[in-house]
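Undergrad: Got a predicted structure here, sequence first:
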Amino acid sequence: MATAQPQPPKGDQVFFSWQSFGLCYVIRLDRGKLLAATRDYPLPFPPGRIIRRSPDHWKAFWTEVAAAGGWDWKPKYDSGDVLDGGLWSLRLCHGGRFVRSQGCNDYPGGRGEEFDPGCSFDRVERALRKLADLPDEVEEA
């Protein structure tokens, strides 16, 4: 018997977290406010700072997610052979499209625990950091 797919939530959603044994960060849209927080391991995260974005920023972000293939990610990426490293989680909803994905040392368009610049994961993650006004090399805020 086929399992029913989850119904996409109403309204736009953005959630991305990156956790490693160094720096961790989270980007989320909460009640219409885009928030970004960084910290050193361990968690929890501070509340985050509010990022104000124009409609053009949002349009560029959603366009890049689509161009990078972000809507086609599998639910789970897991290398299975490395217990430390990078853990990530993504949830996006926009324009009737919805994706929920997570990974442990494996990435969409990657090769196990490595991913090439320009692969799907790299492009979406860069678009998220740009939207949240986080630099390429994220530092603790």
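TA: Alright, I've got the coordinates.
Undergrad: how far away is the residue nearest to Cys104 when sequence neighbours are not counted from Pro117?
TA: Spatial nearest neighbour of Cys104, chain neighbours left out: Asp78 (4.9 Å); criterion: Cβ to Cβ, 6 or more residues apart in numbering. For the C-beta atoms, the positions are set from N, CA and C on the backbone; glycine is no exception. From Asp78 across to Pro117, the span is 22 Å (Cβ to Cβ, to the nearest Å).
Undergrad: Of these two, which one has the most company?
TA: Neighbour count, other Cβ atoms under 10 Å: between Asp78 and Pro117, Asp78 has more, with 13 against 7.
Undergrad: Can you read off the pLDDT for that one?
TA: Here, the pLDDT recorded for Asp78 equals 87.
Undergrad: please renumber so the chain begins at 89
TA: In the new numbering, first residue 89, that becomes Asp166.
Undergrad: What helix or strand is the spatially most central residue of the chain located in?
TA: Nearest to the mean C-alpha position of the chain, counting by Cα atoms, centre = their mean, stands Phe104 at 3.2 Å. Here Phe104, judged by DSSP states H and E, is contained in strand 101-107.
Undergrad: Show me the contact partners of that strand.
TA: Applying Cβ atoms under 8 Å, 6 or more residues apart in numbering, the external contacts of strand 101-107 come out as 112-117, 122, 129, 131, 174-182, 186, 213, 216, 219, 226.
Undergrad: again, but for stretch 188-207
TA: Contact partners of stretch 188-207, identified using Cβ under 8 Å, 6+ apart, comprise 94, 157-158, 160-167, 169-170, 173-179, 208-210, 212.
Undergrad: Show me where the chain has its helices.
TA: Ranges of helices within the chain are 143-155, 208-219, based on DSSP state H.
Undergrad: related to what we said a few turns ago, could I get the average pLDDT for the strand holding Phe104?
TA: Averaged across strand 101-107, the pLDDT comes to 92.
Undergrad: The helix-or-strand element of the chain with minimal mean pLDDT - contacts with which helices or strands?
TA: Using mean pLDDT, DSSP states H and E, the weakest-scoring helix or strand in the chain turns out to be strand 121-128, at a mean of 84. When contacts are defined as 3 or more Cβ pairs under 8 Å, 6 or more residues apart in numbering; DSSP states H and E, strand 121-128 sits against strand 111-118, strand 137-139.
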